[in-house]
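Colleague: My questions are about this predicted structure, shown below with the sequence.
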Amino acid sequence: MNLKLSLYVLVAFSSCMMLIACGGSSSFQQQATTQAQSFVKPSTSRTLTILHTNDMHASFIPHDAVWVKESPKPLVGGMKELEFRVDSIRTLKQNVLLLDGGDVMTGNPISDMMHKGAEGGALYEMMNMLKYDAACLGNHEFDISQENVRKLLKVANFPFMSANLVNDKNEFPVNNKDYVILERGGLRIGLFGLMLQGLAGVVNQNNIAGIKVLSPEETAQKIIDKIDAETDLIIAITHIGIEDDTVLAANVHGLDIIVGGHSHTRLTKPRIVNGVVIVQAGARCENVGVLDITVEDDKVVRHDGKLILLWARNDRPRTALSSFVDSVNSEIEKTFNEVLAELKDDWERGRGESNVGNFLADAQRSAAKADVAFMNTNGIRANISAGPLTRRELFEALPFRNVLVTFQLSGKQLKDAVLFGLQAGDALQTSGLKGTWKKNANGAAEFMKLEVGGKPVDDKKMYVCAASDFMVGQGKKYFGMDVPAPSFSKQTLFEAVANEVRKAKIISTKVEGRLALIK
């Protein structure tokens, strides 16, 4: 006789004795029935471990832990270490899901390598080998083309979801899915994906033609309502950023967990909003998130979340994945380990003018034979330490497949464009410009002096300007205007800068105060 049946018999026997002693009281009969039911039908409790990554940005090999002050810096991240940690947890835990919050692409030359017909396909092959269960699309998946996204999703043997990413016919444009329902240890788990609604502001316009992004909140609620009766747990895998995750959690009902991405937020402990558990694991494959939950009656009743820092080690067991990683990296090194020049100073990004921003803008101006050049601050994706500058390091700083573009602005338009950039914040790095500016009584930016090539800007003169096709496509965002009559070169921004780096041979750059704020 099993324990549950024994308890049932014991309760029933005790209840009968009480009924006999009390003359068969109906109140005691009801109490006995209730007690018996409480033992026969206990609340079902199941556990699940959710492993999660996001914004890996093609970081398939270890890189310097830049926040560590010691030198040389220890290495962190990479697919080998991720595999070791994931497999270790799978050995210890019975029910495990492995999820990713988007932006698998862009940050390493592997994103440009062809594998199974897709550029960057090797990254998705590695995720197959790690046995990912599901992921959502990120904006950087679109850095090459829509067609390449479709090819990448064919390489992946797990679902990529983005329920609010549709075309003009409200169809899913890159074979993305809206949701899936998986089963683990008796739990029916609904998962759906969401893309940031501001996709058009962070992706080259040519790469998302015909695509629109629906409201994350409205889309989420429709899916939750649709799958709630079929599931015990509902998880949103999002690429909208931590602040929008917080808004989402506050404004929907029936959602249990958000596995987030896009904002590169390193949540060492989950954030709880409106009963929704929100997690995110930083970026660049430096951490794997671990969330242990207990589910009872369609609710998460207990949770424990943390991040595991992926310090790289050389003594991990050899696996099929590690061999594949080594073979891909070896292929990249044949081309990208070329030393282009010697850096005398660390190249360090910043919110305002930076030495790396100055060089990159100067290089574009020289390559385009322009009077003025602009570089978007957020387009600089990595710091580079002083010493030999390799092609790989430069690529990691400029990983986007942007094209160099020239256009002409009158002096008046140039002033307005630069003032707009200054007013908007620290979005622009410049070359060919020298000036001072202040904020007037209304808080608006105005020039005290502005020169091009050492001469005051002439409102009526036409100036040749250079920038990337990304910035030109986002003209209203960066310059406050649609860029007039752009001329697109056949040279990528990366190749143009690489050629200028080779010419320079020895590079020493400083922050010069090119556009200085006078307070």
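Modeller: Sure thing, it's come through.
Colleague: what stretches of this structure score poorly on pLDDT?
Modeller: Low-confidence segments of the chain, defined by pLDDT under 70: 1-43.
Colleague: Any idea how many residues pack against residue 322?
Modeller: 18 (other Cβ atoms under 10 Å). Quick note: C-beta positions are derived from backbone N, CA and C, even for glycine.
Colleague: nope, residue 503 is what I was after
Modeller: Using other Cβ under 10 Å: residue 503 sits among 12 other residues.
Colleague: Could you look up the SS state of it?
Modeller: helix (DSSP: H, G, I helix; E, B strand; the rest coil).
Colleague: quick one: it and residue 145, what's the gap?
Modeller: 31 Å (Cβ to Cβ, to the nearest Å).
Colleague: now residue 327
Modeller: 26 Å.
Colleague: Between the two, which has more neighbouring residues?
Modeller: Shown here are residue 327 and residue 145; by other Cβ under 10 Å, residue 145 has more neighbours (17 against 10).
Colleague: where along this structure do the helices fall?
Modeller: Listed in chain order, the helices found in the chain under DSSP state H are 3-21, 26-40, 79-92, 121-129, 146-155, 216-227, 242-251, 320-336, 355-368, 391-397, 411-424, 469-473, 475-478, 493-504.
Colleague: Return the distance of the third one from the chain's centre.
Modeller: The gap between the average C-alpha position of helix 79-92 and the chain average comes to 21 Å, counting by Cα atoms, centre = their mean, to the nearest Å.
Colleague: looking at the helices of the chain, which is closest to residue 458?
Modeller: helix 411-424 (4.7 Å; Cβ to Cβ).
Colleague: Contacts for the closest one, please.
Modeller: If you take Cβ atoms under 8 Å, 6 or more residues apart in numbering as the criterion, helix 411-424 is touched by 372, 374, 409, 427-428, 430, 433, 437, 444-447, 450, 452, 457-461, 463, 465, 477-481, 515, 517.
Colleague: Same check on stretch 181-191?
Modeller: For stretch 181-191, the surrounding residues in contact (Cβ under 8 Å, 6+ apart) are 44, 46-48, 94-97, 99, 133-134, 161, 179-180, 223-224, 227-228, 230-237, 295.
Colleague: Whichever of those residues end up buried, select them in PyMOL.
Modeller: Here is the PyMOL command that selects the buried residues among these (16 or more other Cβ atoms under 10 Å):
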select buried, resi 46+48+95+96+97+99+133+134+161+179+180+223+224+227+231+232+233+234+235+236+237+295
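Colleague: In strands, which of the contacts of stretch 181-191 fall?
Modeller: 46-48, 96-97, 99, 134, 161, 179-180, 233-237, 295 (DSSP state E).
Colleague: Widest-spaced pair of those?
Modeller: 47 and 161 (24.2 Å).
Colleague: what's the neighbour count on the residue nearest to residue 444 when sequence neighbours are not counted?
Modeller: Using Cβ to Cβ, 6 or more residues apart in numbering and skipping residues adjacent in sequence, the residue nearest residue 444 is residue 423, 6.6 Å away. Residue neighbour count, defined by other Cβ under 10 Å, stands at 14 for residue 423.
Colleague: Spit out the contact partners of residue 447.
Modeller: 415, 419, 435-437.
Colleague: Apply 10 Å and report the result again.
Modeller: With contact set as Cβ atoms under 10 Å, 6 or more residues apart in numbering, residue 447 has these partners: 415, 418-419, 422, 435-438, 457, 515.
Colleague: Ramachandran coordinates for residue 458?
Modeller: Per-residue torsions, residue 458: phi -100, psi 120 (degrees, to the nearest 10).
Colleague: Surely it touches residue 410?
Modeller: Yes: counting by Cβ atoms under 10 Å, residue 458 does reach residue 410; the two are 8.7 Å apart.
Colleague: Of the two, which one has the most company?
Modeller: More crowded of residue 458 and residue 410, by other Cβ under 10 Å: residue 410, with 16 against 13.
Colleague: what about the closest residue to the more buried one other than its chain neighbours, distance to residue 64?
Modeller: Nearest non-adjacent residue to residue 410, counting by Cβ to Cβ, 6+ apart: residue 462, 5.8 Å away. When distance is defined by Cβ to Cβ, residue 462 is 45 Å away from residue 64.
Colleague: ditto for residue 374
Modeller: Per Cβ to Cβ, residue 374 is found 29 Å from residue 64.
Colleague: swap in residue 115?
Modeller: For residue 115, the distance to residue 64 - Cβ to Cβ - is 26 Å.
Colleague: quick one, which of these two is more surrounded?
Modeller: residue 115 (19 against 15).
Colleague: So in terms of bridging, what pairs with the more buried one?
Modeller: Applying DSSP bridges to residue 115 gives these bridge partners: residue 118.
Colleague: Repeat that for residue 434.
Modeller: residue 451.
Colleague: Looks like residue 427 contacts residue 374 (just checking).
Modeller: Yes: counting by Cβ under 10 Å, residue 427 does reach residue 374; the two are 9.4 Å apart.
Colleague: So for these two, which sits in the more crowded spot?
Modeller: Using other Cβ under 10 Å as the criterion, residue 427 and residue 374 rank with residue 374 on top: 26 against 20.
Colleague: coming back round to it: from the contacts of helix 411-424, which would you call buried?
Modeller: Of the contacts of helix 411-424, these count as buried by 16+ other Cβ under 10 Å: 372, 374, 409, 427-428, 430, 433, 437, 445, 447, 450, 452, 457, 463, 465, 477-480, 515.
Colleague: quick one: contacts for residue 466?
Modeller: 361, 363-375, 404-407, 431-432, 472, 487, 489, 493, 496.
Colleague: For PyMOL, write the selection for the buried entries among those residues.
Modeller: A single PyMOL command selects the buried members of the contacts of residue 466 (16+ other Cβ under 10 Å):
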select buried, resi 361+363+364+365+366+367+368+370+371+372+373+374+375+404+405+406+407+431+432+472+489+493+496
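Colleague: I'd like to know how far residue 73 sits from residue 491.
Modeller: Counting by Cβ to Cβ - residue 73 and residue 491 are separated by 34 Å.
Colleague: How about residue 231?
Modeller: 51 Å.
Colleague: now do residue 424
Modeller: 28 Å.
Colleague: what do you get for residue 408?
Modeller: For residue 408 relative to residue 491 (Cβ to Cβ), the value is 19 Å.
Colleague: The two: which is more packed in?
Modeller: Comparing residue 408 with residue 491 by other Cβ under 10 Å, the one with more neighbours is residue 408, at 17 against 14.
Colleague: Now for the more buried one: which residues touch it?
Modeller: Contacts of residue 408 (Cβ under 10 Å, 6+ apart): 370-371, 414, 462-465, 483-487.
Colleague: try 6 Å
Modeller: 462, 464 (Cβ atoms under 6 Å, 6 or more residues apart in numbering).
Colleague: Could you do residue 237 as well?
Modeller: Residue 237 sits in contact with 99, 101, 136, 193, 259, where contact means Cβ under 6 Å, 6+ apart.
Colleague: Tell me what it is bridged to.
Modeller: Under the criterion used (DSSP bridges), residue 237 bridges to residue 193, residue 259.
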